[in-house]
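1. Okay, sequence plus prediction incoming.
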Amino acid sequence: MPRLKKIPAEISLSDPQYYFNRELSWLEFNNRVLHEAFDPRTRLLERLKFLAIFSANLDEYFMVRVSALKEQVAAQISQLSPDGKTPQEQLDLISQRLRPMITQQHQHFEKALRPQLAHHGIHLLDYMDLTQEQRLYLQQYYEEQIFPVLTPLAVDPGHPFPHMSNLSLSLAVVVKDPKTEEELFARVKVPNILPRFIALPEQLRLYHQDSPAIWTGVPLEQVIAHNLESLFSGMHIQECYPFRITRDADFELEEDEADDLMLAIEENIRRRRIGGSVVRMEVQASMPESVRELLRQELDLQPNDVYEVNGLLDLKGLFSFMGLPVPDLKDLDWKSVVHPRLRRIAEPVLDGSSTAEEREDFFAAIRKGDILVHHPYHSFSKSVQRFITAAAYDPHVLAIKMTLYRTSGDSPIVNALIAAAENGKQVAVLVELKARFDEENNINWARKLEKTGVHVVYGLVGLKTHTKTVLVVRREDHGIHRYVHIGTGNYNPKTARLYTDLGLFSCREELGADLTDLFNYLTGYSRQQSYRKLLVAPVNLRDRMLALIHREIDHAQNGHTGRIIAKMNSLVDPQIVASLYKASQAGVQIDLIIRGICCLRPGLEGISDNIRVISIIGRFLEHSRIFYFYNQGQEEIFIGSADWMPRNLDRRVEAVVPIEEPDLIKDLQEILGIMLADNRQAWELQSDGRYLQRSPEGGAPDLGTHRVLMETVQ
């Protein structure tokens, strides 16, 4: 039963003590990712993958979040975060929390995972441990494949300290001139166009007892470091130490002053390649203080900006081992299934011929009732991709309108849109050029689309278009009909195999009318302020979500059951958090499934007694958003593109759609029930900010969300 207490009026729900820090909460999320690499139940190469993901996540975190805090400090901004911390206090806490995590990561790789890899015939060696024969091979490889690419850069009065690109791995080299006895400093960049790890040929691989010799190799920087004489002819190599820098890569775009948004974005991409100020330097523990201090001063870094590593730098490179032919060390192969309602859908006809009579077209299937797909359990290519391709070639389709936030580099969806334009259909696509770190890819697609006659819009000034929507207009016997897809994930066939997302296909007239209004807002000058069914940010999404929460409060205060379940990537918005606290105080039972950042503190007596928070981390990246409200048994449930964050509610165009068919509501309730019952992948957030991982007890079955859904999907 929910706990209902009378709360003293003097309690302020905006008190900083009731909020977790956003940046520290993100670090705890990345720590849960790291834990997958520690978990012996995770297969060996998948554990390597999670180490790599942890490192890749940190790169972006420093480029965007840490750099923003450092800019605030430099600008002497003292504004407090909702949890009451200054920018400098947040930077100090980030450093304190992150350092032990990095130490754990590298210790686990060196002490646990490298020996296990060797046991399975995968030998990542240090150059010092190579045989003479192996060294001779690598010396020849260096001379032929590596040496021609290298450029040593001296640092002296005639050679200023060189600019180093973002995320570049380098060698700090100290040489001595034998004539003058002077010690000199140089930097050698480790080229990122070469493989991160250099493999030895089969005849030079190592064996481990009865294990096959699958792979043997060494890090690229070690091959360079042990063959530097040819770069510094006539000099004595004194010392050589690897280091890596991270730069600010989140440049502010002055949209209001930009005459051409695409040109402004391209300029930002060029600036990012060069990079802003350095925000982090990673060094090996063996680097002496003199070299470390030289680099720190030249790069204008504070001591807290330097991160010491015992082992290899940049473990992001471990992704490459996922390509090894060792299926026993990876997750078991699993293929998405075709949604039952779509199994009799004919392949889109590309040559003008008719389809077999016993098979129906995609639009006929939608006319029978709304269809809810759940990726990657349901095939993306046989649902979303096929829907857009079918529309592109269907002679009765008049127009296709779509939003593209991120897509793959070889997108079949973009190719289908191009084919639609070539087939004479009206095609309008909003390509969001401001999708961080995907801008260049999106610019390339925008230009390709424009060349084939597609109407391309680049987004709205001051807003990112994050909504995931498609509108298809089709002429049929009884007039014009509109078909929609509204989802939670990007139209990206590659990430659709890795991210969990939901999508709704419908031909409900109200949804078609709403999407028509939304696209008019995106492509024209409409200032649509009301929608029939959709919850749209920044128009009505915040107000509607708050109203739904407060309706549950009213039910609970009137003696009825109040119940909320919300699943999303992040919960940050203070107004939403305060409303959830009020709901808890009123006796509403609240379950939150938050993969990443959660600024709400659950389990506080008299504040959040009735709120439970879990995070699910595992084989797939939880990306779907689901919002459930009990409403005295007249349940309302929504899916959409928005998290409960200020940026989603106020600074992005988002669309959240109600699911109304009873069978689909049951499907979503079942998905939420599986997640709440998870005893394998779920982590429970404690009131002090710690996350505790659940595990099966007393012989209970493993109820990991991803495994259960893979086994039960139909």
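-> That came through, no problem.
2. Only C-alpha atoms from now on, for both contacts and neighbour counts.
-> OK.
3. looking at this, I593 is in a helix?
-> No: looking at I593 with DSSP: H, G, I helix; E, B strand; the rest coil, it is strand, so not inside a helix.
4. what's the distance between it and D248?
-> 31 Å (Cα to Cα, to the nearest Å).
5. Kindly report the same for I11.
-> 40 Å.
6. And those two? Which one has more around it.
-> Higher neighbour count among I11 and D248: D248, with 25 against 10, using other Cα atoms under 10 Å.
7. Buried residues in stretch 469-486, which are they?
-> T469, V470, L471, V472, V473, R474, H481, R482, Y483, V484, H485, I486 (16 or more other Cα atoms under 10 Å).
8. pLDDT below threshold where in the stretch 251-400 of the chain?
-> Applying pLDDT under 70 to the stretch 251-400 of the chain flags residues 251-275, 346, 348-359.
9. Now do the helices in the stretch 151-300 of the chain.
-> With helices called from DSSP state H, counting those that start in this stretch, the stretch 151-300 of the chain shows them at 220-225, 261-274, 289-298.
10. ok, now which ones touch K533?
-> With contact set as Cα atoms under 8 Å, 6 or more residues apart in numbering, K533 has these partners: E510, L511, D514, V657, P658.
11. at 7 Å instead, please
-> K533 sits next to E510, L511, V657, P658 when contact means Cα atoms under 7 Å, 6 or more residues apart in numbering.
12. Look at it and give its secondary structure.
-> Relying on three-state DSSP, one would call K533 coil.
13. now do L58
-> Classified using three-state DSSP, L58 is helix.
14. where's the longest strand along the chain relative to the chain centroid, distance-wise?
-> Looking across the chain with DSSP state E, the single longest strand is strand 236-247. When distances are taken as Cα atoms, centre = their mean, to the nearest Å, strand 236-247 is centred 31 Å away from the chain's centroid.
15. Return the set of buried residues in that strand.
-> Quick answer for strand 236-247 (16+ other Cα under 10 Å): H236, I237, E239, C240, Y241, P242, F243, R244, I245, T246, R247.
16. same deal with stretch 669-680?
-> Buried residues in stretch 669-680, defined by neighbour count with 16+ other Cα under 10 Å: Q669, I671, L672, I674, M675, L676, D678, N679, R680.
17. Mind checking which of the residues you listed are in helices?
-> Q669, I671, L672, I674, M675, L676 (DSSP state H).
18. Now for the fifth one: which residues touch it?
-> Which is M675. T705.
19. again with the second one
-> Shown in contact with I671 (Cα under 7 Å, 6+ apart): no residues.
20. T500 versus that one, what's the distance?
-> Between I671 and T500 the distance is 11 Å, computed by Cα to Cα.
21. Quick one: end-to-end distance for stretch 32-52.
-> Stretch 32-52 has an end-to-end distance of 13 Å (criterion: Cα to Cα).
22. Not counting its own residues, what contacts that stretch?
-> F54, L315, K316, G317, L318, F319, M322, L329, K330, D331, I617.
23. Identify the residue spatially nearest to E221, adjacent ones excluded.
-> Distance criterion Cα to Cα, 6 or more residues apart in numbering; nearest residue to E221, sequence neighbours excluded, is V190 at 6.2 Å.
24. shouldn't that neighbour be in contact with Q222?
-> No: in this structure, V190 is not within contact of Q222 by Cα atoms under 7 Å, at 9.8 Å.
25. quick one: which of these two has more around it?
-> More crowded of V190 and Q222, by other Cα under 10 Å: V190, with 24 against 21.
26. Return the residues in contact with that one.
-> Per Cα under 7 Å, 6+ apart, neighbours of V190: L169, S170, E221.
27. quick one: the first one and R187 touch, right?
-> No: the criterion here is Cα under 7 Å, and L169 misses it with R187 at 10.3 Å.
28. which residues do those two both contact?
-> If you check L169 and R187 against Cα under 7 Å, 6+ apart, no residue is contacted by both.
29. Please report the distance of the residue nearest to E221 from H35.
-> 30 Å.
30. can you check V414 too?
-> Counting by Cα to Cα, the separation of V414 from H35 is 37 Å.
31. Which one's more surrounded, the two?
-> Set V414 next to H35 and count neighbours by other Cα under 10 Å: V414 wins out with 24 against 20.
32. so what secondary structure elements neighbour the helix or strand harbouring the more buried one?
-> Counting by DSSP states H and E, the element that carries V414 is helix 412-422. Helix 412-422 is packed against helix 384-393, with contacts defined by 3 or more Cα pairs under 7 Å, 6 or more residues apart in numbering; DSSP states H and E.
33. quick one: buried residues of the helix it packs on?
-> Going by neighbour count (16+ other Cα under 10 Å), the buried part of helix 384-393 is V384, Q385, R386, F387, I388, T389, A390, A391, A392, Y393.
34. How many neighbouring residues does the closest residue to the second one other than its chain neighbours have?
-> Using Cα to Cα, 6+ apart and skipping residues adjacent in sequence, the residue nearest Q385 is I413, 6.1 Å away. A count of neighbours around I413, defined by other Cα under 10 Å, yields 23.
35. Poorly predicted segments of the stretch 401-550 of the chain, please.
-> Applying pLDDT under 70 to the stretch 401-550 of the chain flags residues 409, 434-438, 526.
36. can you give me the helices for it?
-> Under DSSP H, counting those that start in this stretch, the stretch 401-550 of the chain gives helices at 412-422, 439-451, 509-523, 541-557.
37. out of those helices, deepest packed?
-> Greatest average neighbour count among the helices of the stretch 401-550 of the chain goes to helix 412-422 (a mean of 21), per mean count of other Cα atoms under 10 Å.
38. now the angle between helix 439-451 and that helix, please.
-> Relative orientation of helix 412-422 versus helix 439-451 (axes from the mean of the first three to the mean of the last three Cα atoms, to 10 degrees): 20 degrees.
39. okay, now the domains of the chain?
-> In terms of domains, the chain is parsed into 44-329, 340-530, 536-712 (source: automatic domain parsing).
40. Kindly present those as TSV, with separate columns for distance to R22.
-> Converted to TSV, the domains of the chain look like this (distance: least, Cα to Cα, whole Å):
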stretch	distance to R22
domain 44-329	8
domain 340-530	19
domain 536-712	6
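41. Skipping adjacent residues, who's closest to A420 in space?
-> Leaving aside its chain neighbours, A420 sits nearest to A392 (4.1 Å; criterion: Cα to Cα, 6+ apart).
42. ok, now which ones touch that neighbour?
-> Applying Cα under 7 Å, 6+ apart, the residues near A392 are A416, L417, A419, A420.
43. if I look at it, how far off is A186?
-> Here A392 is placed at a distance of 57 Å from A186 (Cα to Cα).
44. you'd agree F29 is up against C599?
-> No: contact between F29 and C599 fails when scored by Cα under 7 Å: they sit 11.9 Å apart.
45. name the element D333 belongs to?
-> Per DSSP H and E, there is no helix or strand for D333.
46. Check Q116 too.
-> Element membership for Q116 (DSSP H and E) is helix 114-119.
47. Could you point out the helix or strand that follows that helix?
-> strand 122-124.
48. Just checking: what are the partner strands of that following strand?
-> With DSSP bridges as the test, strand 122-124 is paired with strand 215-219 (parallel).
49. For the partner strand, give me every contacting residue.
-> By Cα under 7 Å, 6+ apart, strand 215-219 touches 121-127, 196-200, 205-206.
50. By neighbours, which of the residues you listed wins?
-> Result: I122 is most packed of these (other Cα under 10 Å), 25 neighbours.
51. That residue contacts I214, correct?
-> Yes: between I122 and I214 a contact is recorded at 5.7 Å, counting by Cα under 7 Å.
52. out of the buried residues of stretch 669-680, who's nearest P493?
-> Taking Cα to Cα as the measure, P493 sits nearest to I671 out of the buried residues of stretch 669-680, at 22.4 Å.
53. and W644, how many neighbours does it have?
-> 24.
54. Can you read off the pLDDT for V155?
-> pLDDT recorded at V155 is 86.
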